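>>> sequence first, then the predicted structure:
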Amino acid sequence: MEKVKERKFSKPSNFYSLSTQEFGKWWTAKGMGIGPHKRLQRGIVRGSYQAGPPSEHPEISSHVLKSLKEEFTFDLPKIFERRASKDGTIKYLFELEDGKKVESVAIPFHKKYTLCLSSQVGCAMGCTFCFTGTQGLSRHLESHEIVGQYLAVWRDLNRDKAHPMTPNIVFMGQGEPLHNFEGLDKAIRYFMETPGLTLGPRQITVSTVGFLAGLERWSELPSVNLAISLHSPFEEERTKLIPMNKAYSIERIFEILRGLPWGRRKLINFEYLLLGEENDSKEHAKALAKLISEFPSLVNLIPFNPYPDSPYKRPSDEQVAKFKSWLVEERVRTMVRTTKGDEILAACGQLANKFK
Ligand code: SF4
């Protein structure tokens, strides 16, 4: 059984930072029998009561409900702005307790949504194709701020009870998730273990540019999906796109990947941002196929969406199709990601508080 860290409850902490085990511990310390606390946690997480716990509950004494309200806050990040795109994508700008802002995006897929969550305010990786990368890192998000984005968006989507199913998650918003390893780990466990959520590991994807200190600890995380943002099979060119590649080279990333335990059905997703006349040649496709050939993998091609003053351009649809066919010739499983939400700058690498 996982050891629960000792935690002090001297001042109000955010309820959504509390694991089920921690909440159980608090609950039993109040002299309550185990059982109803999971139903209560489920109701609070799912927003069944207005905000936070109910004032009365048939199974729970009023003094425990009172303590709960005194000892915890139930605040979610505040929706500062919400923008919907014609294709159904919805972009949210959240304001955090300290006034900092982060963005999340809800992307519709059939009848279900995938939520693209941020893990940091800004980002230290400095990718030259990314809006967020131009800002630098402001701070890591706390786990409850990551969970809070999810709950706030889901509640918003589910206002008319239209989306009761738990949305999937991709960590592809602002920030390099593995740079905020502790916050990410705690949030993933929350999503997977908390009554009312209990997402499966296949519902969660962590996308990384290959932040080595985090990637080396990959097997400490629950077995969620891994996506490596590769963007070029050539070291020098990749360093131009992702300056951190100088320290975290492709060679080193692949060494670590080789050492990880890959289950039989597990695929590594390789994200490849196609930049017009930069990394979309046949030579790139052949080198990419060779590089990843040792892993069961899926390549996601993402045609770049230019943003104002971006130094790169979008490849033509014809070039995207050619690049895909070159990979398929090499027997690489390849998908082209439809770039939803680009009219509101909600596509990959375009999140940077650009609502104004
Ligand atoms: S693409 Fe991702 S890792 Fe790179 S700067 Fe942008 S947010 Fe950071």
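Looks like it arrived, so ask away.
>>> residue ranges of the strands in the stretch 151-300 of the chain, please?
With DSSP state E, counting those that start in this stretch as the criterion, the stretch 151-300 of the chain has strands at 168-171, 204-208, 225-229, 268-274, 297-303.
>>> buried set for the third one?
Buried residues in strand 225-229, defined by neighbour count with 16 or more other CB atoms under 10 Å: 225-229. Any C-beta I mention is one placed from the backbone N, CA and C, and that applies to glycine too.
>>> could you give the angle of it to strand 268-274?
30 degrees (axes from the mean of the first three to the mean of the last three CA atoms, to 10 degrees).
>>> what's the angle from strand 225-229 to strand 204-208?
If you take the same axes, to 10 degrees, strand 225-229 sits at 20 degrees to strand 204-208.
>>> for the fourth one, same thing?
Comparing the axes of strand 268-274 and strand 204-208 via the same axes, to 10 degrees yields an angle of 50 degrees.
>>> quick one on the thing from earlier: with distance to Pro54 and pLDDT added, can I get the buried residues of strand 225-229 in TSV?
Output for the buried residues of strand 225-229, formatted as TSV (distance: CB to CB, whole Å; pLDDT from 0 to 100):
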residue	distance to Pro54	pLDDT
Asn225	36	94
Leu226	40	94
Ala227	40	94
Ile228	45	95
Ser229	44	94
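>>> need the strands of the stretch 151-300 of the chain in TSV with distance to the ligand, can you?
Below are these laid out as TSV (distance: least, CB to the nearest ligand atom, whole Å):
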stretch	distance to the ligand
strand 168-171	10
strand 204-208	8
strand 225-229	7
strand 268-274	8
strand 297-303	11
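>>> of all those, which one is nearest Gln149?
Each of these has some distance to Gln149 by CB to CB; the shortest is strand 168-171, at 9.7 Å.
>>> neighbouring strands - and their directions - for that closest one?
Here strand 168-171 has these sheet partners by DSSP bridges: strand 112-116 (parallel), strand 204-208 (parallel).
>>> in CSV, list the ones you listed along with mean neighbour count and mean pLDDT.
Shown next, in CSV, are these (neighbours: other CB atoms under 10 Å; pLDDT from 0 to 100):
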stretch, mean neighbour count, mean pLDDT
strand 112-116, 21, 93
strand 204-208, 22, 95
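>>> including distance to Leu40, could those go into TSV?
Converted to TSV, the strands paired with strand 168-171 look like this (distance: least, CB to CB, whole Å):
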stretch	distance to Leu40
strand 112-116	25
strand 204-208	25
